[in-house]
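Trainee: Next come a sequence and a model predicted from it.
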Amino acid sequence: MSCSSEFLPRDYIGSVHNKKIKLIRTLNRKKTRQESGLFIAEGTSIVTMGISCDWIPQFILMSARTKKISRIRTELIRWARTHRVVCLQLSESVFEKIATRENPQDLLAVFVQRWCRPPQIITQSWIVLENVRDPGNLGTIIRTVDATGIGGIILVGSCCDPYTREAVRASMGSIFHVPLVRMERTAFLQWCRRWPGDVIGTHLSAREDFRQRYNAPVLLLMGSEGSGLSPNMVGACAQLVRIPMVEHIDSLNLAIAAALMIYELRREVLFF
């Protein structure tokens, strides 16, 4: 159906010099995301998933390019008005300035980041990622963690930002489900000493195969594809394991390796 005023955002922006647009454009910078505590989620399905998980956006932005309006978007606008969330309609040219060029969407929202503290009562397995640099890999791991019911993710060292657009998009909305913790290496090493189950690390020099039974809850440590776990993190592990590969391959994509490890941890729990 055609877009009547009843189903459109009341506020229209046709200039990139608008203060809200200027702020949103700067959220592509890590520094601005850190200072503001905000991030961008793109696409109707990801935005609505965030809302269904009780994340209230600061802004919802829609492109005026859309000639027809879906039932989902109609409900989203009504929800925004009920919850007093700023809902903006942008001219096509303005929206293109803030949308991802590679995969433009007609809707995005700005949310407040959520960071958790490390768990004090430990009942679930968790994964620890050290110095992970690829946001696409991180987003995919977040999605796998969500799919398997792992407790959450602890980011140690100089990890990339899970709230980049690429990571949020790769998570397919799981960013709103999975608890995320940031820790300095020294603080983490002290905290993990009281872990009640197995502390397992993946390492190329390990001799033991990853396919085995573990004592839950498991704390799984994984490093970047290039350098792996640092020596101090290796020292925190009670056991090192490896994923078998043919001789001319020295590593797997981190997201794939993490998925193999996580599903092995959950093998006796998941019944698909």
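Mentor: Now that the structure is in, tell me what you want to look at. Numbers count the residues shown, from 1 in each chain.
Trainee: so where is the stretch 1-150 of the chain shaky, pLDDT-wise?
Mentor: Counting by pLDDT under 70, the stretch 1-150 of the chain has low-confidence residues at 1-10, 66-69, 101-104.
Trainee: Could you pull out the strands in it for me?
Mentor: Counting by DSSP state E, counting those that start in this stretch, the segments of the stretch 1-150 of the chain that form strands are 11-13, 38-42, 59-63, 86-90, 107-112, 126-130.
Trainee: got the domain boundaries for this protein?
Mentor: For the chain, automatic domain parsing gives the domain ranges 5-112, 126-265.
Trainee: possible to save these as JSON lines with distance to residue 120?
Mentor: Bear in mind the C-beta positions are built from the backbone N, C-alpha and C, glycine included. Below are the domains of the chain laid out as JSON lines (distance: least, CB to CB, whole Å):
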{"stretch": "domain 5-112", "distance to residue 120": "23"}
{"stretch": "domain 126-265", "distance to residue 120": "9"}
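Trainee: most packed of these?
Mentor: domain 126-265 (a mean of 18; mean count of other CB atoms under 10 Å).
Trainee: Just confirm residue 122 contacts residue 192, I think it does.
Mentor: No - taking contacts as CB atoms under 8 Å, residue 122 lies outside contact range of residue 192: 10.2 Å.
Trainee: before we move on, the earlier item: compare the domains of the chain and give me the one nearest residue 118.
Mentor: Counting by CB to CB, residue 118 lies closest to domain 126-265 out of the domains of the chain; the figure is 5.2 Å.
Trainee: The closest one spans what distance, first to last residue?
Mentor: Domain 126-265 has an end-to-end distance of 10 Å (criterion: CA to CA, to the nearest Å).
Trainee: Check the offset of that domain from the chain's centre.
Mentor: On the basis of CA atoms, centre = their mean, to the nearest Å, domain 126-265 sits 14 Å off its chain's mean C-alpha point.
Trainee: Please tabulate the strands of the stretch 1-150 of the chain in a markdown table, including the columns distance to residue 197.
Mentor: Shown next, in a markdown table, are the strands of the stretch 1-150 of the chain (distance: least, CB to CB, whole Å):
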| stretch | distance to residue 197 |
| --- | --- |
| strand 11-13 | 51 |
| strand 38-42 | 32 |
| strand 59-63 | 42 |
| strand 86-90 | 45 |
| strand 107-112 | 33 |
| strand 126-130 | 10 |
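Trainee: what sits up against the helix or strand where residue 257 lies?
Mentor: Taking DSSP states H and E as the criterion, residue 257 maps to helix 254-265. Contact with helix 254-265 is made by 125, 127, 129, 132, 134, 136-137, 140-141, 144-145, 148, 150, 202, 210-212, 214, 216, 218, 220, 222, 224-225, 243, 251-252, 270, as judged by CB atoms under 8 Å, 6 or more residues apart in numbering.
Trainee: Tell me how far residue 87 lies from residue 12.
Mentor: 11 Å (CB to CB, to the nearest Å).
Trainee: Sorry, slip of the keys, the one I care about is residue 213.
Mentor: Going from residue 213 to residue 12 by CB to CB gives 60 Å.
Trainee: which residues does residue 206 contact?
Mentor: 240-242.
Trainee: how about a markdown table for the residues you listed, with distance to residue 100, secondary structure and pLDDT added?
Mentor: Formatted as a markdown table, those follow (distance: CB to CB, whole Å; DSSP: H, G, I helix; E, B strand; the rest coil; pLDDT from 0 to 100):
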| residue | distance to residue 100 | secondary structure | pLDDT |
| --- | --- | --- | --- |
| 240 | 39 | strand | 97 |
| 241 | 37 | strand | 96 |
| 242 | 37 | strand | 92 |
